[in-house]
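>>> Here is my input; please provide its structure:
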Amino acid sequence: ENAIKEEFKVAKVTVDGDTYGNVGIRTKGNSSLISVANSDSDRYSYKINFDKYNTSQSMEGLTQLNLNNCYSDPSYMREFLTYSICEEMGLATPEFAYAKVSINGEYHGLYLAVEGLKESYLENNFGNVTGDLYKSDEGSSLQYKGDDPESYSNLIVESDKKTADWSKITKLLKSLDTGEDIEKYLDVDSVLKNIAINTALLNLDSYQGSFAHNYYLYEQDGVFSMLPWDFNMSFGGFSGFGGGSQSIAIDEPTTGNLEDRPLISSLLKNETYKTKYHKYLEEIVTKYLDSDYLENMTTKLHDMIASYVKEDPTAFYTYEEFEKNITSSIEDSSDNKGFGNKGFDNNNSNNSDSNNNSNSENKRSGNQSDEKEVNAELTSSVVNKTTNDSESKNNTDKDKSGNDNNQKLEGPMGKGGKSIPGVLEVAEDMSKTIKSQLSGETSSTKQNSGDESSSGIKGSEKFDEDMSGMPEPPEGMDGKMPPGMGNMDKGDMNGK
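From the prediction side, this is the model:
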């Protein structure tokens, strides 16, 4: 009930056997949340705040955990793969792992657990938590609109609002507007890597897409870094309109006018930055798209999660679609529905993360009787086939209360478009596209290629037509393992 309000409720959360009481939990997401709420499904994404009602509580230092429902990703792999590449390329990546989620003792589904970009993440990646942290909302194009903070309502302060210095962000935006002193205010390398990854993995539900969102900015001593976030629609998941080959102009990697994305346009006007960006594209092609990296990764991930997906009682897609979408496209159908039992009574609570500790004692006592139990078994290891495969199968056959979980759902929901291309299919297409454009065989800009439209995607004549039916994904763990998630061993996932 009222899940769309994103109101916190009290829960008892167990993670890998460790139980935490008086934890705040709420639904999360944007259009994905609306889609689920308006369907028969209860497969919501969740945000867990361990310190919501008890300011001293954490999961061994970690205060926030997101459970992402893999909305619009039949493969269950897009976000895991992209975060893995971000991590390997040295970006400040949040910690992440698959989670077998149970609610009130019943297996609820396979999720991706992602560390919240809070204190433990900042400390682990930047060495301190004193800088200003900004989260992008829809339309966060970073165009300079003057020095008034009210002009930037779609940039949300996630750190202490009382101490946030807006003059620092406006100095950055002004430098992007003029092209002067950019390195004085921007960690250019972090941005170039983010652009290269989003471009090469065709992730247009990002700063580069029509919504201009799904990123964070973190400031240290007046210099801002771009933080990676929310990749469930990478590998063409957002741009999968009508199937077929897809591409993007690497030197104008936006769905609209490049100048409307100054964080990209200002850097690519600089030949030094542009050359470095091209080198990152080459690195992604060589190490990930052209090598056996993705084939090995998807094979190992399939072996690790297949049994959980097969028995997932709230899955948006069929098991056959899960397997097919790893390599090739799947088509949407007219009967997109999900199924499930409503698990949370969201009535009277506060949905603000930034003020998540205010009036905590009153809320704690008022919500105690409504406490739900959430259990998350986290794993991102490559299971040892000789010892763990049978155990994984047994775990999915029966939940903790001993109930069989063999019901197979027929109607997928949340597909997010008329066609969702296969992960390896997109990788192969993007490898060819990038190499062709870098070599000069084909144009790397939209104007020179004769594309005067606002898209830059092949088949862009369908872009506007299909956008009305394209839902927005939910919001969305780091190479340096933060406290509390040390058991999330990623294993040797590169197949080498």
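
>>> CA atoms for contacts and neighbours, from now on please.
Noted.

>>> what about the helices in the stretch 51-200 of the chain?
Along the stretch 51-200 of the chain, the segments classed as helices by DSSP state H, counting those that start in this stretch run 78-88, 119-126, 166-178, 182-185, 188-200.

>>> how far is the first one from where the chain is centred?
To tie it back to what came earlier, the one meant is helix 78-88. Computed by CA atoms, centre = their mean, to the nearest Å, the chain-centroid distance of helix 78-88 equals 10 Å.

>>> what comes up buried for it?
Across helix 78-88, burial judged by 16 or more other CA atoms under 10 Å covers Arg78, Glu79, Phe80, Leu81, Thr82, Tyr83, Ser84, Ile85, Cys86, Glu87.

>>> Between helix 188-200 and that helix, find me the angle.
For helix 78-88 against helix 188-200, the angle by axes from the mean of the first three to the mean of the last three CA atoms, to 10 degrees is 150 degrees.

>>> Need the contact partners of helix 78-88.
Identification of contacts with helix 78-88 by CA atoms under 8 Å, 6 or more residues apart in numbering yields 92-94, 96-97, 112, 194, 197, 201, 228, 230-235, 288, 297, 423, 477-479.

>>> try stretch 142-154
If you take CA under 8 Å, 6+ apart as the criterion, stretch 142-154 is touched by 136-140, 166-167, 170, 173-174, 176-177, 260-263.

>>> okay, how far is it across it, tip to tip?
This stretch, stretch 142-154, spans 9 Å end to end (CA to CA, to the nearest Å).

>>> Use 52 as the first number for this chain going forward.
Yep, numbering from 52; the last one is stretch 193-205 now.

>>> rewinding a little: drop anything exposed from the contacts of stretch 193-205.
Neighbour counting by 16+ other CA under 10 Å classes 187-191, 221, 224-225, 227-228, 312-314 among the contacts of stretch 193-205 as buried.

>>> and of the residues you listed, the nearest to Lys497?
Lys497 lies nearest to Arg312 out of the buried ones among the contacts of stretch 193-205, by CA to CA, at 15.0 Å.

>>> That closest one reaches Ser191, doesn't it?
No. Arg312 is beyond contact range of Ser191, at 9.2 Å (criterion: CA atoms under 8 Å).

>>> Show me whatever sits in contact with both of those two.
Tyr258.

>>> what about the residue nearest to Tyr149 when sequence neighbours are not counted, neighbour count?
Leaving aside its chain neighbours, Tyr149 sits nearest to Leu163 (4.5 Å; criterion: CA to CA, 6 or more residues apart in numbering). By other CA atoms under 10 Å, the residues close to Leu163 number 27.

>>> Could you do the one 3 residues further on as well?
Look at Glu166: counted by other CA under 10 Å, it has 26 neighbours.

>>> Please tell me how far it sits from Tyr269.
Counting by CA to CA, the gap from Glu166 to Tyr269 is 16 Å.

>>> and what of Asn179?
11 Å.

>>> His329 sits in which helix or strand?
helix 322-335 (DSSP states H and E).

>>> Now do the buried residues in that helix.
Neighbour-count burial for helix 322-335 flags Tyr324, Lys325, Lys327, Tyr328, His329, Lys330, Tyr331, Leu332, Glu333, Ile335 (criterion: 16+ other CA under 10 Å).

>>> what angle separates the host helix or strand of Leu268 from helix 239-251?
Here Leu268, judged by DSSP H and E, is contained in strand 266-271. Orientation of strand 266-271 against helix 239-251 (the same axes, to 10 degrees) gives an angle of 170 degrees.

>>> can you map out the helices along the stretch 302-451 of the chain?
Counting by DSSP H, counting those that start in this stretch, the stretch 302-451 of the chain has helices at residues 313-319, 322-335, 344-361, 370-376, 411-418, 440-448.

>>> Adding distance to Gly75 and mean pLDDT as columns, could you present those in CSV?
Shown next, in CSV, are the helices of the stretch 302-451 of the chain (distance: least, CA to CA, whole Å; pLDDT from 0 to 100):
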stretch, distance to Gly75, mean pLDDT
helix 313-319, 35, 98
helix 322-335, 39, 98
helix 344-361, 26, 98
helix 370-376, 32, 97
helix 411-418, 9, 39
helix 440-448, 27, 37
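
>>> What count of nearby residues applies to Ser342?
By the criterion of other CA under 10 Å, Ser342 has 12 neighbours.

>>> Which pLDDT value goes with it?
Reported pLDDT at Ser342 in the predicted model: 96.

>>> how about the nearest residue to it, chain neighbours excluded?
Nearest non-adjacent residue to Ser342, counting by CA to CA, 6+ apart: Val336, 7.9 Å away.

>>> Wait, the one you found touches Ser482, no?
Yes. Judged on CA under 8 Å, Val336 makes contact with Ser482 at a distance of 5.7 Å.

>>> Which residues are in contact with each of those two?
Ala251.

>>> which residues of this protein score low on pLDDT?
By pLDDT under 70, the low-scoring segments of the chain are 52, 290-298, 383-423, 427, 429-469, 498-547.

>>> What separation is there between the residue nearest the centre of it and Leu118?
Closest to where the C-alpha atoms of the chain average out (CA atoms, centre = their mean) is Asp281, at 1.7 Å. In this view, Asp281 and Leu118 are 12 Å apart by CA to CA.
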